[in-house]
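**Q** With the input below, show me the fold.
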Amino acid sequence: MTAGDGPSLAEAVSEATAVLAAAGVPSPRVDAELLAEHLLGVGLGRLRALMLGDSPAPAGYADLVAERAQRIPLQHITGVAHFRYLELAVGPGVFIPRPETESVVQLVLDWLKDTDHLQDAAHPKVVDLGTGSGAIAGSIAHEVPGAEVHAVEYSEFAHAWAAKNLLPLGVHLIRGDLRDALGEHNGTFDVVVSNPPYIPAEAIPNEPEVALHDPPEALYGGGADGMELPTAAAASAARLLVPGGYFVMEHAEVQSEWIAAMLRRTGVFSEVRTHRDLNGKDRATSAVLTGLTFRP
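**A** Next up, the predicted model:
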C-alpha cells in the first residue's frame, strides 16, 4: 500500500486486471492499464514507469473498472478509439473501429503508391462508403495529404461522430445512403473503399460489447445472409469508379468466397483478390473496374 489510504497504482491495476478477467473481458491487463492511463493522461510508457514506484491509483479508477466489467466498451468509457495514426472520438451510436480494418486502409495506400493507376497522381480521389466513425476515410486523408477524400454515412448518430473526426482532416462528408449517394460524382473516383454492415439477420455477435453497444444498423447487412449492403456497395463502386479504378471491401471471413464470386459475376470487375487481416483471416476482397458501367 502507499502512504495514503488507497492502493498504489500497481496494486490497483493488478486488482483491476483480476476483476476484468473474471468478467470475461478479452484483454483484461491491457484494458486495466488503458483505463488508468485515460485518467492520468500520461501515456502507457509513463504509466508503466509510475507502476514501478509508489504512485497512488487515480481517483475514480475503480468506478471505470466497474463499468468495463459490465462489458461496456472501453472506447465508450474513454471516449476515444485509436486507429492507425488517429485518435477518433467515439461513443454510443457509432460502430467502434476494429484493428483488423487497419489492413483495409493499407490496401488502399499500397494501391495509391502505384501512380500509373491514377488520373491525378498528386490528388487521387477516394470515397469511403458507410464511414461510421470515419476511421478509414480519416486515415487515408491523414496519410495521403494530397488526396481528395469523400465519405458517406447514413446513420444520423454515426454521421455526427464522423463529422467531429473528419471535418478537421478536410474530408468531404455527406449524410446519405451508400446505395445511391454521390451521383454527381459517378465515374470519377480512383478508389472506392467500404466496410459495410454484413452480419446475417439471425446471427447474434458473441461479444456483449458488440451485441449490446454497437448500433444494429452498423452490424446487419440486410437479408438472411447479410449480403444486401455489401452487394449494394459493389454496385455503387461500379458506378462511382473510373475505368481501372480500385474497389476494396471488408467482410466476414466466411463470406470471402461469396463476395469474390459476386464480383466476378458482375462481369465488370477483374483482378478479384482476397486479402487476409492481421490475424491471417480472409477479411477483405479487392477488384479493379474493367470499364464504365453507369449510363446517365
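**Q** Not counting sequence-adjacent ones, nearest residue to Leu44?
**A** Using Cβ to Cβ, 6 or more residues apart in numbering and skipping residues adjacent in sequence, the residue nearest Leu44 is Glu37, 5.5 Å away. All C-beta atoms are positioned from the backbone trio N, CA, C, and that covers glycine.
**Q** Just give me the neighbour total for that neighbour.
**A** For Glu37, the count of nearby residues is 20 (other Cβ atoms under 10 Å).
**Q** mind listing what it touches?
**A** 43-44, 47 (Cβ atoms under 8 Å, 6 or more residues apart in numbering).
**Q** How much space separates it from Ala234?
**A** 41 Å (Cβ to Cβ, to the nearest Å).
**Q** Check the chain for its longest strand and report it.
**A** Counting residues, the longest strand in the chain under DSSP state E turns out to be strand 241-250.
**Q** does Glu15 sit in a helix or strand, and which one?
**A** In this structure, Glu15 sits in helix 9-22 according to DSSP states H and E.
**Q** Please work out the average pLDDT along that helix.
**A** The pLDDT scores in helix 9-22 average 95.
**Q** Convert whichever helix or strand comes after it to CSV, retaining C-alpha atoms only.
**A** Beyond helix 9-22 in the direction of the C-terminus, DSSP H and E gives the next helix or strand as helix 28-40. Extracted in CSV, the C-alpha atoms of helix 28-40 (Å, rounded to 0.1, in the frame of the first residue of the first chain):
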residue,chain,number,x,y,z
PRO,A,28,-8.1,-7.5,-19.0
ARG,A,29,-4.5,-6.3,-18.4
VAL,A,30,-4.4,-4.0,-21.4
ASP,A,31,-7.8,-2.6,-20.6
ALA,A,32,-6.9,-2.1,-16.9
GLU,A,33,-3.8,-0.1,-18.0
LEU,A,34,-5.7,1.9,-20.6
LEU,A,35,-8.3,3.0,-18.0
ALA,A,36,-5.6,4.1,-15.7
GLU,A,37,-3.8,5.9,-18.5
HIS,A,38,-7.0,7.6,-19.5
LEU,A,39,-7.5,9.1,-16.0
LEU,A,40,-3.8,10.1,-15.6
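**Q** buried sites along helix 28-40?
**A** For helix 28-40, the neighbour count (16 or more other Cβ atoms under 10 Å) marks 28, 31-40 as buried.
**Q** pLDDT and distance to Phe157 added to those residues, as TSV?
**A** Putting the buried residues of helix 28-40 into TSV (pLDDT from 0 to 100; distance: Cβ to Cβ, whole Å) gives the following:
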residue	pLDDT	distance to Phe157
Pro28	93	29
Asp31	91	25
Ala32	94	29
Glu33	93	29
Leu34	93	24
Leu35	94	25
Ala36	93	29
Glu37	92	27
His38	91	23
Leu39	93	26
Leu40	93	30
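**Q** so which two of those are the farthest from each other?
**A** Taking Cβ to Cβ, the two most distant members of the buried residues of helix 28-40 are Pro28 and Leu40; they sit 18.7 Å apart.
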